[in-house]
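>>> Next comes the sequence, and after it the predicted model I'd like to discuss.
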Amino acid sequence: MEKVIEFIIRVCGISAVIFVFAIFGFVFWEGRELLISGEFNFWKFLFTKEWYPASESNPRFGVLALIAGTASVTVLAMAIAVPFGLGAAIYISEFCGSRLREALKVIIELLAAIPSVVWGFIGLTIMNELIMKLFGAPIGLTVLNGAIILALMSVPIIVSISEDALKAVPDSYREAAIGLGVTRWQMVYKVLLPSAKNGLLAAVLLGIGRAVGETMAVLMATGHAVHIPFDGTPPFFHPLDSVRTLTATIAAELGETARGSEHYQVLFVVGILLFSITFAVNLTADLVVKGIRDK
Amino acid sequence: MVDLPAKIRVEGLGVSYGDKIALKDLSLQIPANQIFGIIGPAQSGKTTFLKAVNRTIDFVSNATVKGRVLMDNQSVLDASSFTPVKKLSNNGMRDLCGYRRRIGMVAPLPVGLPMTIYDNVTFAPRQAGIRKKDELDTLVERCLTQAALWDEVKDRLDTLGTKLSGGQQQRLTIARALSHEPEVLCLDEFSIAIDPVTTMRIEDVLKELKAEMTIILVTNLVQQARRLAKRTAFILNGELVEEDTTKKIFSGNASDSRTNEFVSGIFG
Ligand SMILES: Nc1ncnc2c1ncn2[C@@H]1O[C@H](COP(=O)(O)OP(=O)(O)OP(=O)(O)O)[C@@H](O)[C@H]1O
Ligand SMILES: [Mg+2]
């Protein structure tokens, strides 16, 4: 009996690894012809901004604008989500009473359970109008819109992981600091945050991973225009421009391409790029978390 | 009964954690510039007593207090006008922090805060507003010397406090507790995690320090109270059994038979 259970558990464990490799292999396989054919220029792919994959006469596959779209939405989302998420985690773990803490945690978990299309819908309707009204923008489907939606989506991850990190700091540290006559805020700032910094960093990285990989909500909220929201005129970054992200491009275009066509294959190369980015972010987060345990 | 003026006077102090009563109606006086010993078996409420005296009890969310604590005849904890930390105004918070700075606390297990040795010692003074480098340097040397640690760490003040050995970290905690020049130093079973030689060194330090401050020594080693304390209190199950000169407590004919049994090692 025990042998059987052990075997089943082992199969489950191994299958997780197999799936990851299989997915990577599949994505790579679908894009292989393009990758190995001499025509595909990787630098041109990464560093030009013309994305005309469906052009009959002269198809061009530059993903720079898409990378800029993903990057701008992610960075702005984090600029919103990190202060909110860390602030909420600090408040929940250090300053609020146990009743309120439980209530807040439930609400934040609820936030995490909202499906991403619903977020996209909110972006498409409420946020869209709000941005047009508040900023007088011609269209509200912008970097800002997507970033706010993504921020709301990654706050729960950031809060729950940061809160765990803060909880892992031994109470003796808190007592020692409080006993020295410093205020609670000084204790948080000088003792807790430095002790929990690896966990907090991991929380932020996982939040970034979430934001980079999100598809549906950004597809609906960012306006889907291939455009770089940075230029040489102040303020250099234009959060009220519409953009398109790597994920949204794949989601929107893959259904319309003929299987095996150049366009189809290039979308898989975009997939590989995306996979590499999220893999790097998650790996860094894992290493950082591991760093905490080893300490 | 007490010849010197009392540094701390405790009147009818009671502490409960939720339904659990940890201290019951405890009254005693702690004379200035002496070592005052507190002995008692595990879970008897010794730590709770120190937390009430330095008012870290305010930060225990389920704790409620009764009675009063006075320091230099001024009320520092009064159950009748007690405000929970969360409802405290900014001024109230500042007063509370200011009061806690008058007391140094050394916990049972050494806690090197995750910062350099230098920062460990200068943490409280800096937060209290001392910024001048030379002032802080002097302070670090003075505190570490008082805690008998200076010679061992003077060349590596910028290593992490958490990297020191247990005994060294315990002396670092003592140095830190001295950094804000407290009037009262509370030690909670400070020798629980350190070796006998270090313990003896710290005991010598305490004998010198009592000239400058009042020391409350909670100890699990009754012989340590006997060696150091002028007066000793015996607490059992949250109640003060008796408080008397150390000599009397350890003489074998203390007023309460439970005291005699405890100090002779029959229970506890
Ligand atoms: N935060 C808390 N919540 C609930 N009960 C507590 C709390 N802190 C302490 N107690 C209880 O109060 C009683 C007194 O504890 P206290 O730590 O003061 O005893 P002590 O004499 O210091 O014991 P020890 O020798 O083990 O350190 C114990 O029964 C303990 O379990
Ligand atoms: Mg104790």
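Yep, that arrived. Ligands and ions are numbered 1, 2, ... in the order given.

>>> in what helix or strand does residue B:37 lie?
Secondary structure from DSSP states H and E places residue B:37 in strand B:35-39.

>>> where does the chain have low pLDDT?
By default, I'm working from chain A. Scanning chain A for pLDDT under 70 picks out A:292-295.

>>> if you could check chain B rather than the one you did, that'd help
Residues of chain B meeting the criterion pLDDT under 70: B:1-4, B:266-268.

>>> chain center to stretch B:31-43: distance?
9 Å (Cα atoms, centre = their mean, to the nearest Å).

>>> Beyond the strand holding residue B:37, next helix or strand please.
Sequence-wise, the next helix or strand downstream of strand B:35-39 (DSSP H and E) is helix B:46-54.

>>> and the angle from that next one to strand B:35-39?
Helix B:46-54 runs at 140 degrees relative to strand B:35-39, counting by axes from the mean of the first three to the mean of the last three Cα atoms, to 10 degrees.

>>> Just confirm yes or no for helix B:46-54 near ligand 1.
Yes: residues of helix B:46-54 contacting ligand 1 under Cβ under 6 Å from any ligand atom: B:46-48. C-beta coordinates here come from the backbone N, C-alpha and C atoms, glycine included.

>>> Out of those, which is nearest to chain A?
residue B:47 (10.2 Å; Cβ to the nearest Cβ).

>>> Could you find the closest non-adjacent residue to residue A:53?
residue A:263 (4.4 Å; Cβ to Cβ, 6 or more residues apart in numbering or on different chains).

>>> Also residue A:180?
What sits nearest to residue A:180 in space, not counting adjacent residues and going by Cβ to Cβ, 6+ apart, is residue B:124, at 3.9 Å.

>>> Check the secondary structure at the spatially closest residue to residue B:36 that is not a sequence neighbour for me.
The shortest distance from residue B:36 to any residue other than its chain neighbours is 4.7 Å, reached at residue B:30 (Cβ to Cβ, 6+ apart). Secondary structure of residue B:30, reduced to three states by DSSP: H, G, I helix; E, B strand; the rest coil: strand.

>>> and the most centrally placed residue in chain A, what element?
By Cα atoms, centre = their mean, chain A has its centre lying nearest to residue A:211, at 1.7 Å. Per DSSP H and E: residue A:211 is located in helix A:197-213.

>>> Would you mark the buried spots in that helix?
A:198-213 (16 or more other Cβ atoms under 10 Å in any protein chain shown).

>>> Looking at those, which one is closest to residue A:49?
Of all the buried residues of helix A:197-213, residue A:49 sits closest to residue A:212, with 19.3 Å by Cβ to Cβ.

>>> Setting aside sequence neighbours, what's the nearest residue to whichever residue of chain A sits closest to chain B?
Residue of chain A nearest chain B, by Cβ to the nearest Cβ: residue A:181 (3.3 Å). Distances taken as Cβ to Cβ, 6+ apart place residue B:101 nearest to residue A:181, at 3.3 Å, with adjacent residues excluded.

>>> isn't that neighbour right next to residue A:180, touching?
Yes: between residue B:101 and residue A:180 there is a contact at 7.5 Å, judged by Cβ atoms under 8 Å.

>>> Residue numbers of the stretch 101-250 of chain A in contact with chain B?
Proximity of the stretch 101-250 of chain A to chain B, by Cβ under 8 Å from any Cβ of the partner chain, involves residues A:170, A:172-184, A:186, A:190-191, A:194-195.

>>> that older thread, tell me the spacing between the residue nearest to residue B:36 and residue B:143.
Distance, residue B:30 to residue B:143, using Cβ to Cβ, to the nearest Å: 23 Å.

>>> Ok, residue A:2 next?
Distance of residue A:2 to residue B:143, computed by Cβ to Cβ: 59 Å.

>>> Please identify the helix or strand for residue A:194.
helix A:193-195.

>>> neighbouring contacts of that helix?
Helix A:193-195 is contacted from outside by A:169, A:173, A:200, B:114-115, using Cβ atoms under 8 Å, 6 or more residues apart in numbering or on different chains.

>>> okay, now the residue of chain A found nearest ligand 1: neighbour count?
In chain A, the residue that lies nearest ligand 1 is residue A:171 (9.7 Å; Cβ to the nearest ligand atom). For residue A:171, the count of nearby residues is 9 (other Cβ atoms under 10 Å in any protein chain shown).

>>> circling back to that earlier point, residues touching the strand holding residue B:37, excluding its own?
B:30, B:46, B:49, B:206-207, B:210, B:214-219, B:222, B:224-226, B:228-235, B:246, B:262-263.

>>> that older thread, what about the residue nearest to residue A:180, is that helix, strand or coil?
helix.

>>> How about the contacts made by it?
Residue B:124 touches A:180-182, B:101, B:176, B:179-180, counting by Cβ under 8 Å, 6+ apart.

>>> OK, contacts around residue A:186?
Neighbour list for residue A:186: A:177, B:127 [criterion: Cβ under 8 Å, 6+ apart].

>>> secondary structure element for it?
helix A:184-187.

>>> Restricting the selection to alpha carbons, write that helix to PDB.
C-alpha atoms of helix A:184-187 as PDB (Å, rounded to 0.1, in the frame of the first residue of the first chain):
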ATOM      1  CA  ARG A 184       6.800  51.500  16.700                       C
ATOM      2  CA  TRP A 185       7.500  53.200  13.400                       C
ATOM      3  CA  GLN A 186      11.200  53.500  14.100                       C
ATOM      4  CA  MET A 187      11.100  49.800  15.100                       C
END
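
>>> Could you report the separation of the residue nearest to residue A:180 from residue B:113?
Per Cβ to Cβ, residue B:124 is found 10 Å from residue B:113.

>>> and if you look at residue B:121?
Counting by Cβ to Cβ, the separation of residue B:121 from residue B:113 is 10 Å.

>>> next one: residue A:271
Counting by Cβ to Cβ, the gap from residue A:271 to residue B:113 is 47 Å.

>>> who has more neighbours, these two?
residue B:113 (26 against 21).

>>> I'd guess that one is in a helix, am I close?
No: Residue B:113 is assigned coil when assessed by three-state DSSP, not a helix.

>>> That one touches residue A:173, doesn't it?
Yes: counting by Cβ under 8 Å, residue B:113 does reach residue A:173; the two are 6.3 Å apart.

>>> Spit out the residues that contact the two alike.
Joint contacts of residue B:113 and residue A:173 (Cβ under 8 Å, 6+ apart) are residue A:191.

>>> give me the residue from the stretch 51-200 of chain B nearest chain A.
For the stretch 51-200 of chain B, Cβ to the nearest Cβ, closest residue to chain A: residue B:101, 3.3 Å.

>>> chain center to stretch A:127-144: distance?
Put simply, stretch A:127-144 sits 22 Å off its chain's centre (Cα atoms, centre = their mean).

>>> Let's see that stretch as PDB, backbone CA atoms only.
Extracted in PDB, the C-alpha atoms of stretch A:127-144 (Å, rounded to 0.1, in the frame of the first residue of the first chain):
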ATOM      1  CA  MET A 127     -11.500  53.000 -15.600                       C
ATOM      2  CA  ASN A 128     -11.700  54.000 -19.200                       C
ATOM      3  CA  GLU A 129     -14.400  56.700 -18.500                       C
ATOM      4  CA  LEU A 130     -12.700  57.800 -15.300                       C
ATOM      5  CA  ILE A 131      -9.400  58.500 -17.100                       C
ATOM      6  CA  MET A 132     -11.100  60.300 -19.900                       C
ATOM      7  CA  LYS A 133     -12.900  62.500 -17.400                       C
ATOM      8  CA  LEU A 134     -10.000  63.100 -15.000                       C
ATOM      9  CA  PHE A 135      -7.300  63.700 -17.500                       C
ATOM     10  CA  GLY A 136      -9.300  64.800 -20.500                       C
ATOM     11  CA  ALA A 137      -7.600  62.100 -22.500                       C
ATOM     12  CA  PRO A 138      -9.300  61.200 -25.900                       C
ATOM     13  CA  ILE A 139      -9.200  57.600 -24.900                       C
ATOM     14  CA  GLY A 140      -8.900  56.000 -21.500                       C
ATOM     15  CA  LEU A 141      -7.500  52.700 -22.600                       C
ATOM     16  CA  THR A 142      -3.900  53.500 -21.800                       C
ATOM     17  CA  VAL A 143      -0.700  52.600 -20.000                       C
ATOM     18  CA  LEU A 144      -2.200  54.200 -16.800                       C
END
